[in-house]
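Chemist: Build me a model from this:
(2 chains)
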Amino acid sequence: MLNIQQCLIPAYLLFLLVTSISSLDCDSLYFYLRNVSLDGMILLRKMSKGEFPLQCLKTRMDFEFSQELLPPNQSLTDVKIAIYEMSQQIFNIFSQNYLPLTWEEENVQKIQIKLDHQSEYLQRCLEEDEKEKEVLEKEDEDEISYSGLTVLQLNNLELRKYFKRIGSFLKEKEYSHCAWEIVRLEMRRCFYTLQKLISQLK
Amino acid sequence: MLSITPAAVLVLLVASAELSLFPIAAGEKNLKTPQNVTVEIVDHNFILKWNWDNEPNSNTTFSAYYQKVKSGNMNNWVELIGCHKVTGTKCDFTSTNLNVFEKIKVRIRSEKGQETSPWYDITPFVPFQIAQIGPPEVQLEAEDKSIIINISPPGTSNSNMWATDNQRFTYSLVIWKNSSSIKETHHTVYSRDKINDLTPETTYCLKVQARLPILRKNGSYSPVFCINTTAEHKLPRPENVEVDAVNNNYVLKWNYPYENMNFEVQYLLGFYKRILSDYSDKWKVISGCKNITSKHCDFSKDITTDGIYYLRVQASNGSITSFWSTEKKFDTMIKTNIAPPSIKVIPSGDSFSIYISAPEESEKKLMSQNYPLIYEVIYWENNSNIENKLRVKQKLLKVSDLQPLTTYCFKAKAFLQDNKSNKSSQFSDVVCSKMTPGKLAVSWIIVICIVCLMMLVLVFYCSKVLLKQVKHIFSPSWKPPSSMSERFSDQPLKNLLVASEEQTESCIIEETNIVMLEETDQNGKSDVICSKQDNQDSGNFSNKDETSSSSKVTEEALQLETMPQ
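Modeler: Residues are numbered from 1 along each chain as shown, chains lettered A, B, ... in the order given. Below is the predicted model of the structure:
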């Protein structure tokens, strides 16, 4: 718990320092997304009063998060797809029906609003990229390079597997309060990763 | 060489594919391997299909197995549930319950009694990657001039293929009047949506397709559904619903044909449209927009978080209520209007400093912090029409290279740094300012002073050099002539010749000593050295060679020795 907070401090600082704007629609995507993760982390903390409940330590679970979940040769499109995938998956988790009653609904909603917003932009921009790509491909049909796509999908698969593990865990623990608290911690990690990915859009 | 390599690869590929065709075990006689085996996954239905040329024979069955492909460890071949000892040319293995994100290998063979054919191996695949989107289910409901559509995502509710993708399906809808062939396509339709502006009491037909654009997956179309629109409601719904967003003030505006009506505005958090559950009870009334008579309403206070919202408005005359208007999608980040910035111009020297204040910067929410704005500054000479344009990101800039003592006018406007929409604010007020001569003169004086000072330094330096030259001509330095330097290649001697002034000084002291010595009646031994140095001082010495000088020294010494006597 403490460790995570320590890790986050530089992120906060970095965040405060970044004021310059790179050029949406999709050119200034970073500008539109820059606050989402940080807000997400703050909201996660506010969601449940007090610290992590100690009685939930027993339920601890390793979801095997690793950097390998993310695209290795991070092209800008890879990064955008990874952000899209993560935001969607986190959104899915908070959109389940059995959220603990102790969590403040308002904060959960805010997270949903932000992630939905983010997904919308990414979807729009990715579709735009796709269109541009199609135009380029039409221009020189001889050079078809679809290899990128398969790599992307494989990377997303790792991320999907990771979120599937989280989903299965919740189900297995019958959406107990402790299970949710564990997942909440894990989501902070996700937001942190998301933030790192977003900063790559600068 | 280049042509051989692909050929070799091809041979290898063929060999590996053909290998399984040859019988290996002794028991296998002529039983053929199933051909053209394919996996077809639609939503969460897994089908294995193959070709079998031989006559249908109830004795021949087929069995398929799968293996998880994981890096590092080899897994066992496991029976593909639903594909064990089947008699047809296809089988459904949905009940195997695979992890759709895990790569698997599948193989199949034919069996007849004890006889078995060689395996046919399918290229390893990830179910999710090859899965196709099936047709969605559609429910329709007519409402005045609209059709309410309710789309159930492809696959059953307990299927896990699209479990995490259900919320990101985008639906494309093709709609046409039954009597016409003109088809209209709507590309982004949500699972619960409305098709508006249709003709009342008309039969419309439509079909829907689910898509996952990011994954480049386009599903198949649903069957065609038709519905009759109903008769027009007595009270029309409000039309032309628009959001007027100036900075952080959001105002919803609409048109309505009748006066003295009451309106109610509601909003919905955008994300509910992504969630499958029914959101009809999630609409909320905007606090200040209930039972209002005006055709506009400020809803800024209810929107606290940046995001996507939907707004709708309804008219009522007390007894009858209209249907809800078209739902207006509103994104707080994408503004419709930007307020003009304000500018301050300060002349400084031969340039102007321009300070731009972002629109409504005084408000608690800083516009410029929320949006990437760029500014266009236009300036011109007061009595001229030639405009100069500058586009800047920063809010402080300098305009230089201007005519002195001339009045210039400035104005600026803000743009969203979003080159596609090209939205801009109105221009700011025009600000005119004259180039101040005082400051100009001061700067010139400073420049002249600096130039003068530099000139002075130059003159001083030059005169010093000149003086040195003159001095050199009239009293040259103690450098011996070249002819002499050649002879006195011996360093110590040379040093002796080119004597320093210190030696001269010591000489003077010695001379006084001599005087004292003379007084005390001593001989002039030291005097000899002194006179030698005296010669040096005179400068005449240098023209004589060593022998002559030494001889002269002796002569003089002799003279000195004899003089007191």
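
Chemist: In the host helix or strand of B:Lys253, which residues are buried?
Modeler: Per DSSP states H and E: B:Lys253 is located in strand B:249-255. Neighbour counts over strand B:249-255 (16 or more other Cβ atoms under 10 Å in any protein chain shown) mark B:250-254 as buried. C-betas here are computed from N, CA, C, even on glycine.

Chemist: Check which element follows that strand along the chain.
Modeler: For strand B:249-255, the following helix or strand on the C-terminal side (DSSP H and E) is strand B:262-269.

Chemist: Verify the stated contact: B:His186 with B:Ile175.
Modeler: Yes - counting by Cβ atoms under 8 Å, B:His186 touches B:Ile175, with 7.0 Å between them.

Chemist: Report the set of residues contacting both of these two.
Modeler: Applying Cβ atoms under 8 Å, 6 or more residues apart in numbering or on different chains, one finds that B:His186 and B:Ile175 are jointly contacted by B:Ile195.

Chemist: Between the two, point out the one with more neighbours.
Modeler: Neighbours were counted for B:His186 and for B:Ile175 using other Cβ atoms under 10 Å in any protein chain shown; B:Ile175 has more, 19 against 15.

Chemist: Could you measure from that one over to B:Asn196?
Modeler: Separation of B:Ile175 from B:Asn196 (Cβ to Cβ, to the nearest Å): 11 Å.

Chemist: Show me which helix runs longest in the chain.
Modeler: Unless you meant another one, I'm taking chain A. If you go by DSSP state H, chain A has its longest helix at helix A:105-139.

Chemist: Can you look at chain B instead?
Modeler: In terms of residue count, the longest helix belonging to chain B (DSSP H) is helix B:437-474.

Chemist: Could you find the closest non-adjacent residue to B:Trp176?
Modeler: Sequence neighbours aside, B:Lys183 is the residue nearest to B:Trp176 in space, at 4.4 Å (criterion: Cβ to Cβ, 6 or more residues apart in numbering or on different chains).

Chemist: so who does B:Pro135 touch?
Modeler: B:Pro135 neighbours (Cβ under 8 Å, 6+ apart): B:154, B:208-210, B:219-223.

Chemist: can you tell me which residues contact the closest residue to B:Phe169 other than its chain neighbours?
Modeler: Nearest non-adjacent residue to B:Phe169, counting by Cβ to Cβ, 6+ apart: B:Ala210, 4.7 Å away. The contact partners of B:Ala210, taken as Cβ under 8 Å, 6+ apart, are B:133-136, B:151, B:153-154, B:169-171, B:219.

Chemist: Please name the bridge partners of B:Ala210.
Modeler: B:Tyr171 (DSSP bridges).

Chemist: hang on, isn't B:Phe101 packed against B:Val126?
Modeler: Yes - at 6.5 Å, B:Phe101 and B:Val126 qualify as touching, with contact defined as Cβ under 8 Å.

Chemist: shared neighbours, those two?
Modeler: By Cβ under 8 Å, 6+ apart, B:Phe101 and B:Val126 have these common neighbours: A:Leu157.

Chemist: For B:Asp193, give me the backbone phi and psi.
Modeler: Torsion angles at B:Asp193 (phi, psi; degrees, to the nearest 10) stand at phi -150, psi 180.

Chemist: Pull the number of nearby residues for it.
Modeler: The tally of other residues near B:Asp193 (other Cβ under 10 Å) stands at 19.

Chemist: you'd agree it is up against B:Ile149?
Modeler: Yes - applying Cβ under 8 Å, one finds B:Asp193 in contact with B:Ile149, separated by 5.4 Å.

Chemist: where along chain A do the helices fall?
Modeler: Along chain A, counting by DSSP H, helices occupy A:2-17, A:29-33, A:36-47, A:76-94, A:105-139, A:147-172, A:177-199.

Chemist: The nearest residue to B:Thr203 once chain neighbours are set aside: neighbour count?
Modeler: Sequence neighbours aside, B:Asn178 is the residue nearest to B:Thr203 in space, at 3.9 Å (criterion: Cβ to Cβ, 6+ apart). B:Asn178 has 12 neighbours, counted by other Cβ under 10 Å.

Chemist: ok, B:Asn178 - contacts?
Modeler: Counting by Cβ under 8 Å, 6+ apart, B:Asn178 has contacts B:202-205, B:226.

Chemist: For chain A, what's its nearest residue on the stretch 451-565 of chain B.
Modeler: Closest residue of the stretch 451-565 of chain B to chain A, Cβ to the nearest Cβ: B:Val451 (41.5 Å).

Chemist: Point to the residue nearest the middle of chain A.
Modeler: For chain A, the residue nearest the mean C-alpha position is A:Met86 (3.4 Å; Cα atoms, centre = their mean).

Chemist: which regions of the stretch 451-565 of chain B sit below the pLDDT cut-off?
Modeler: B:476-565 (pLDDT under 70).

Chemist: circling back: list only buried entries from the contacts of B:Asn178.
Modeler: Buried members of the contacts of B:Asn178, counted by 16+ other Cβ under 10 Å: B:202, B:204-205.

Chemist: can you narrow those to ones near chain A?
Modeler: Checked against chain A using Cβ under 8 Å from any Cβ of the partner chain, these give no members in range.

Chemist: ok, the contacts of B:Pro135 vs chain A, which is closest?
Modeler: Closest approach to chain A among the contacts of B:Pro135 (Cβ to the nearest Cβ): B:Ala210, at 14.6 Å.

Chemist: in chain B, what spans have low per-residue confidence?
Modeler: Low-confidence segments of chain B, defined by pLDDT under 70, are located at B:1-29, B:55-58, B:71-74, B:157-159, B:247, B:335-337, B:359-372, B:416-423, B:437-442, B:476-565.

Chemist: care to break it down by domain?
Modeler: Segmentation of chain B into domains, based on automatic domain parsing, reads B:19-130, B:137-228, B:239-331, B:342-435, B:482-562.

Chemist: okay, those in CSV with distance to A:Cys26 next?
Modeler: Shown next, in CSV, are the domains of chain B (distance: least, Cβ to Cβ, whole Å):
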stretch, distance to A:Cys26
domain B:19-130, 26
domain B:137-228, 14
domain B:239-331, 14
domain B:342-435, 9
domain B:482-562, 82
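
Chemist: now for those domains, which one comes closest to A:Val183?
Modeler: A:Val183 lies closest to domain B:137-228 among those, at 14.9 Å (Cβ to Cβ).

Chemist: got the end-to-end distance for the closest one?
Modeler: Counting by Cα to Cα, to the nearest Å, you get 19 Å between the two ends of domain B:137-228.

Chemist: just stretch A:92-101 next, same as before
Modeler: When the termini of stretch A:92-101 are compared using Cα to Cα, they are 18 Å apart.

Chemist: now check it, is it near chain B?
Modeler: Yes - applying Cβ under 8 Å from any Cβ, one finds stretch A:92-101 in contact with chain B at A:92, A:95, A:97.

Chemist: Could you give the backbone dihedrals for the nearest residue to B:Thr436 once chain neighbours are set aside?
Modeler: Of all residues not flanking B:Thr436 in the chain, B:Pro347 sits nearest, at 5.0 Å (Cβ to Cβ, 6+ apart). As for B:Pro347, its main-chain torsions (degrees, to the nearest 10) stand at phi -70, psi 140.

Chemist: Chain B versus the residue nearest to the residue nearest to the centre of chain A when sequence neighbours are not counted, what's the distance?
Modeler: Sequence neighbours aside, A:Leu194 is the residue nearest to A:Met86 in space, at 5.2 Å (criterion: Cβ to Cβ, 6+ apart). Using Cβ to the nearest Cβ, to the nearest Å, A:Leu194 is found at 16 Å from chain B.

Chemist: and A:Leu194, how many neighbours?
Modeler: Residue crowding around A:Leu194 was assessed by other Cβ under 10 Å; the count is 24.

Chemist: Check what pLDDT it gets.
Modeler: We note a pLDDT of 90 for A:Leu194 in this prediction.
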